[in-house]
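> sequence plus the predicted model coming up.
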Amino acid sequence: MLAALRFTPGQLRGVLAVIAALVLGAGITGMTAILAKSAVIEETTSQSGRLSVAALSLYQALSQADATAASSYLTAGTPSDEMNETYREAMRDATVALATAAGEVKTPADTALVAELNARLPVYTGLVETARTFNRLGEPVGATYQEQASTLMREEMLPKAHDLQENSLGQLKESRSDAAAFPWVAAVLTAAALGTLVWAQFWLTRKTNRVFNLGLVGSTVLLVAFAGWLAMASLASASHTTRSHEDGSAPLELLAEAEITAQQARAEESLVLIARGEDQQAAERFEEHFKALADPGQLLDRLDEAFASDPELSKNIDTAREAADTWRAGHDEVVKLAQGGKYNEAVELVVGESDTSLWASFTTLNDALTEATDISADRFAEATNDAQRSLSGAAAGLAALALGALICAAVGIQLRVAEYYA
Amino acid sequence: MIRHQIRFAAAAAACLVLAACSQPADMGPPQVDVPTPLPSGINFSPEIDTAPVDESCQPLASYNPGSTTVEQAVAQLDDPEQITIGVSQSTNLMGYIDPETNTPAGFDIDIATAVAQSILGPDANIRFVPMTSGEREPAVNDDRVDMVVRTMTMNCKRWANVEFSAEYFHAGQRLLVPTASGITGLADLADDHLVCTGEGSTSVRTIAEQSAAMPVTVPDFNDCLVLLQQGTVDAITSDDTILAGMAVQDPTLQVVGDAFSQEPYGIAVQKGNTDLARYINAALAQIIANGTWQTAYDKWLKGPLGVAGAPPSPQYRD
């Protein structure tokens, strides 16, 4: 075998073998890298994507349910149709999201979180309904049931929903960095194959005094095309994946956080009145949530900054900011009324049906954030689709180019080998 | 041939073992504790105060109204046009927000209103300020309110910080239990009974010293009623007035046993403001004499407490 390499035909066959191995290697690794990227992007739109969407909407629906249940308690057992509807919708969203999440979880920790939330939801609704019944009967113990429901939500359910969301986002981030990774092995093999091809052509020129070997030239051209496509597809999909994060999922997370913070502030505001002004901690928690939402540099400011160049989204944030300011001013008035013993007026301001009630401000704020969330969700889906599209056909195309390069090289060298036996 | 089969079997077994090991970690049904809703801040082993009780004074002895005039009383108000009164808004029957009308109501509210009217006249501008029991002493001393009428027991410790009126109601600590429990008094409480009471109240100490039961405290005594209805605790102990307010909300519960503590209620005013205290005593004497007291008692407490009830006779120190 080694002896054959002393003669030119043997050497030619050896060169061909090396080129063939490198081109094949580059082709296979390039193709699998692209296929793997595709699969990962597929996954961000499917399993971990669906889980994080479900976890997010679960978290939102639960805090919305709590905010509404607490508010409607204040209406002395006769909430408006809108409030009833909002509570029922939130409960539906929460149960649907919980069922979806249950189908998508992959880790024991997530399974446990879903099971624990599932076990608590009926307990929560039981407390809320008991509170409503006592409230309708005019028995003050209803207030304690409502407080207990909110405690269960605040101290056990919301933290678990938050954990589930964090876990799913972590999984999404992992797949995202996988999808954005550059296929280094394929790139190195391609470079090596190209180098060998070029060297082989110089070497053949010296041996045979002929300038061009058409087969090898063709092979080189095809391999250059291969390298170009591989690089382009990888970079494009990486940039789309990054865009899907920056335009889509990052603002989505921020928006959801703002929405949930507003809902929790709303729940605490109602609790202050449900406790007849005797729950200082609820008042403090309201301040905390509201600061996290509207203080300079906090959530609303961060959203404003993130959407500065986007009129469609920043319009919604402006609306939200305005509603938050109205709410804040109104809340201070409520505190003053409640402390001054004007309980009836305080309640009217918090849950009344007029346009100036805090329920109206809160709803405006919440709706503006929901609309911005919908827009961001569309952007996220769009960017993910673009990433997917930039990879479409790339695997098949790369395989064809690599195969072409291999055949050309083989034909080119085989023609020379044949000359020795002619 | 046989050797090949053995090899094949070994390889297959190895594959199986590998496959079994590489499966995701145990995904069996997760272990979930039975969710039991508990109020935040519930304490199943509260610390029992063991310091000797301050008995250095006569807690019932207030200031003789003498010839204190209404002008002297009005001069003591922060705003001569308005009287601000610290009350509870969450103690059923005593001071609470009527869920149907969203206005303050109860025995304490009626007494406070009558006192205010005798100071500022029948159209008195009264502002009720809701507060927790912990806020009562600072509220009168920091001028947040002119007086506090909020199931406040007169004792020597509190006399050191505020001035009290004469006693306007005589309450006592009792037990609230499910009728079906068979518990009829302190003696029936065993060491596996959980008895709920408000955090920071003297009831914790009384129940710990006088019965075998284990006290459980919650930040707001209203949580006790929910815990009793849910079966988490076996009984509630507090002033009979407060227990009556719970019992009327649930026909399966009843207040049982004799009172095992004395809880004389007084109206608190700022330390040193004896003029106002004296005038309030005059007002209380009048309220008792003209039947207002009895009317309020009959309206709120007669039925729930099950006794006809008589106004306490005032005691003065001078």
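Perfect, thanks for sending it.
> pLDDT weak spots in the chain?
If you meant another chain, say so; for now it's chain A. Residue ranges of chain A with pLDDT under 70: A:1-5, A:45-46, A:77, A:247-248, A:422.
> ah, no, chain B please
Ranges of chain B meeting pLDDT under 70: B:1-27, B:99.
> and it, what are its domains?
Listed by automatic domain parsing, the domain ranges of chain B are B:61-171+B:263-316, B:173-256.
> so which of those gets nearest A:Ala306?
domain B:173-256 (40.4 Å; CB to CB). Glycine gets a C-beta too; all of them are placed from N, C-alpha and C.
> ok, that closest one near chain A or not?
Yes - legend: contact between domain B:173-256 and chain A by CB under 8 Å from any CB of the partner chain is shown at B:220, B:222-223, B:225-226, B:229, B:246, B:249-250.
> how far off centre is that domain?
Distance of domain B:173-256 from the chain centroid (CA atoms, centre = their mean, to the nearest Å) equals 11 Å.
> and for stretch B:171-179?
13 Å.
> look up how far A:Asn385 lies from the residue in chain B positioned nearest to chain A.
Chain B approaches chain A most closely through B:Gln89 (3.5 Å), counting by CB to the nearest CB. The spacing between B:Gln89 and A:Asn385, counted by CB to CB, to the nearest Å, is 57 Å.
> between these two, who's got more neighbours?
The neighbour comparison of B:Gln89 against A:Asn385 (other CB atoms under 10 Å in any protein chain shown) goes to B:Gln89, with 26 against 14.
> sec struct for the residue nearest to the more buried one when sequence neighbours are not counted, please.
Nearest non-adjacent residue to B:Gln89, counting by CB to CB, 6 or more residues apart in numbering or on different chains: A:Arg276, 3.5 Å away. Following DSSP: H, G, I helix; E, B strand; the rest coil, we place A:Arg276 in the coil state.
> what's near enough to touch A:Arg276?
A:143, A:343, B:88-90, B:96-97, B:130 (CB atoms under 8 Å, 6 or more residues apart in numbering or on different chains).
> just B:Ala268 next, same as before
B:Ala268 neighbours (CB under 8 Å, 6+ apart): B:136-137, B:140, B:147-148, B:152, B:158, B:162-165.
> roughly how far does it sit from B:Asp108?
Separation of B:Ala268 from B:Asp108 (CB to CB): 12 Å.
> A:Gln414 - how many residues pack around it?
Using other CB under 10 Å, A:Gln414 has 13 neighbouring residues.
> which helices and strands does the host helix or strand of it pack with?
Following DSSP states H and E, one finds A:Gln414 within helix A:394-421. When contacts are defined as 3 or more CB pairs under 8 Å, 6 or more residues apart in numbering or on different chains; DSSP states H and E, helix A:394-421 packs onto helix A:8-45, helix A:184-208, helix A:214-243.
> how about the residues of the stretch 151-300 of chain A near chain B?
Close to chain B, as judged by CB under 8 Å from any CB, the stretch 151-300 of chain A has residues A:151-152, A:155-156, A:275-280.
> is stretch B:41-56 positioned near chain A?
No - judged by CB under 8 Å from any CB, stretch B:41-56 stays clear of chain A, getting no closer than 8.7 Å.
> list the contacts of that stretch.
Taking CB under 8 Å, 6+ apart as the rule, stretch B:41-56 contacts B:155-157, B:194, B:199, B:204-205, B:208-209, B:214-219, B:223, B:227.
> give the buried residues for that stretch.
Using 16 or more other CB atoms under 10 Å in any protein chain shown as the test for burial, stretch B:41-56 gives B:42, B:46.
> straight-line length of that stretch, end to end?
Start-to-end span of stretch B:41-56 (CA to CA, to the nearest Å) is 34 Å.
> so how far is that stretch off the chain centroid?
On CA atoms, centre = their mean, the centre of stretch B:41-56 falls 16 Å from that of its chain.
> and the spatially closest residue to B:Pro29 that is not a sequence neighbour, what is it in contact with?
Nearest non-adjacent residue to B:Pro29, counting by CB to CB, 6+ apart: A:Ala115, 7.5 Å away. The neighbours of A:Ala115, taking CB under 8 Å, 6+ apart as the test, are B:29-30, B:32.
> distance-wise, check the closest residue to B:Thr151 other than its chain neighbours relative to A:Leu12.
Excluding the flanking residues, the one nearest B:Thr151 by CB to CB, 6+ apart is B:Met94, at 5.3 Å. Taking CB to CB as the measure, B:Met94 falls 107 Å from A:Leu12.
> so for those two, which residue has more residues nearby?
B:Met94 (28 against 24).
> backbone dihedrals for the more buried one, both of them.
When read as degrees, to the nearest 10, the backbone of B:Met94 gives phi -100, psi -60.
> which element is residue 85 on?
Looking at chain A here, since you left the chain open. Under the criterion of DSSP H and E, A:Glu85 resides in helix A:81-104.
> let's do chain B instead
Using DSSP H and E, B:Ile85 sits in strand B:82-87.
> who are the packing partners of that strand?
Strand B:82-87 packs on helix B:107-120, strand B:125-130, helix B:136-141, strand B:147-148, going by 3+ CB pairs under 8 Å, 6+ apart.
> just the buried residues of that strand, please?
B:83-87.
> for chain B, give me its nearest residue in the stretch 201-350 of chain A.
A:Arg276 (3.5 Å).
> distance check, that residue against A:Glu348.
Distance, A:Arg276 to A:Glu348, using CB to CB: 15 Å.
> wait, isn't A:Trp327 in contact with A:Leu365?
Yes - shown here, A:Trp327 and A:Leu365 form a contact pair, counting by CB atoms under 8 Å, at 6.6 Å.
> compare the two (neighbour count), which wins?
Higher neighbour count among A:Trp327 and A:Leu365: A:Leu365, with 28 against 24, using other CB under 10 Å.
> skip the chain neighbours and tell me the closest residue to B:Ala208.
Residue nearest to B:Ala208 in three dimensions, not counting chain neighbours: B:Ile48, with 4.6 Å by CB to CB, 6+ apart.
> and A:Leu214, by the same measure?
Excluding its sequence neighbours, the residue lying closest to A:Leu214 (CB to CB, 6+ apart) is A:Gly412, at 6.4 Å.
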